[in-house]
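Trainee: Quick check, what structure comes out for this input:
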Amino acid sequence: MTPVVFIVDDDDAVRASLLNLLAAEGYDARGFAAGGALLDKPANGLPGALLGSIGAETPSCLVCDMHMPGLDGLEVAAELARQGADIPIIFLTGFGSIPLSVQAMKAGAMEFLTKPVAPEALLRAVSDALAADAANLAQRHELAALRQRHASLTPRERETMELVIGGLLNKQVADALGVSEIMAKTHKRKVMEKMGARSLPDLVRYAERLHIVKTRSR
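Mentor: Have a look, this model is predicted:
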């Protein structure tokens, strides 16, 4: 799918120029005159303008002016983070300074550009941001697949997984579950198969990614 670039700038001329530049490069460029318009009508935990505009398979990024009436760029970034919209941000400003650039980076900006922005610099920043989001999408897909595999475990298998990643041996797992060692091995084998883990270190890494911290040891 065509990468999406959201542009938020209250200057109509600047916004139109950026839209034309990005559209000419083949991007799906979408403009907003204010931060509130981008964040309007939250639904399902994502801002309305983003929800339905980009899919799980579509890399995207945001080009946002820092100084605007109403919500400024930093406030837009903070609200996006609060609502769970993980999107790379490129900040633009007509008043560049070191303290401001530090603020922008702390807000999670990938790039901080001073107006008037050179087309080459903007296109390079957008390309980098979209590449980063594409990588994030791949990681989110992997995490979603892990969650699905973990959801397929039975309650007993989940308990077995917690015991196994806690470092217990088969006999200890059997004692904790109140079953035979043969049955404990069977549960462990099913956990490994369903989770797609080829080794115990694999299973431990998967548990860490799923934030499974309720492990037991003896």
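
Trainee: going forward, measure contacts and count neighbours with C-alpha atoms only.
Mentor: OK.

Trainee: Find the nearest non-adjacent residue to Met68, please.
Mentor: Residue nearest to Met68 in three dimensions, not counting chain neighbours: Asp10, with 6.2 Å by C-alpha to C-alpha, 6 or more residues apart in numbering.

Trainee: for Ala174, what are its contacts?
Mentor: Neighbouring residues of Ala174 by C-alpha atoms under 8 Å, 6 or more residues apart in numbering: 180-181, 183-184.

Trainee: can you list those in TSV and add distance to Gln148 and neighbour count?
Mentor: Converted to TSV, the contacts of Ala174 look like this (distance: C-alpha to C-alpha, whole Å; neighbours: other C-alpha atoms under 10 Å):
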residue	distance to Gln148	neighbour count
Ser180	29	14
Glu181	28	17
Met183	24	15
Ala184	23	23
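
Trainee: Which members of those residues define the maximum pairwise distance?
Mentor: Farthest pair in those (C-alpha to C-alpha) is Ser180 and Ala184. Separation: 6.3 Å.

Trainee: Three-state assignment for Asn117, please.
Mentor: That one is not Asn; residue 117 is Val. Assigned with DSSP: H, G, I helix; E, B strand; the rest coil, Val117 falls in the coil class.

Trainee: Roughly how far does it sit from Thr58?
Mentor: Separation of Val117 from Thr58 (C-alpha to C-alpha, to the nearest Å) stands at 26 Å.

Trainee: Going along the chain, name the helices of this protein.
Mentor: 12-24, 35-38, 73-82, 98-106, 119-151, 155-165, 170-177, 181-195, 200-209 (DSSP state H).

Trainee: looking at these, which one has the lowest mean pLDDT?
Mentor: In terms of mean pLDDT, the lowest-scoring of the helices of the chain is helix 98-106 (a mean of 61).

Trainee: which residue packs closest to the most centrally placed residue in the chain, ignoring adjacent ones?
Mentor: For the chain, Asp86 is the residue whose C-alpha lies nearest the centre (C-alpha atoms, centre = their mean; 4.3 Å). Among residues not flanking Asp86 along the chain, Leu80 sits closest, at 7.3 Å (C-alpha to C-alpha, 6+ apart).

Trainee: before we move on, the earlier item: can I assume the residue nearest to Met68 is in contact with Ala37?
Mentor: No - with contacts counted by C-alpha atoms under 8 Å, Asp10 stays clear of Ala37, the gap being 10.8 Å.

Trainee: Comparing those two, which residue is more hemmed in?
Mentor: Neighbour totals were compared for Asp10 and Ala37, and Asp10 leads with 18 against 14 (other C-alpha atoms under 10 Å).

Trainee: how's the protein carved up into domains?
Mentor: 4-140, 152-209 (automatic domain parsing).

Trainee: now for the ones you listed, which one comes closest to Leu146?
Mentor: Short answer: domain 152-209, nearest of those by C-alpha to C-alpha, at 7.1 Å.
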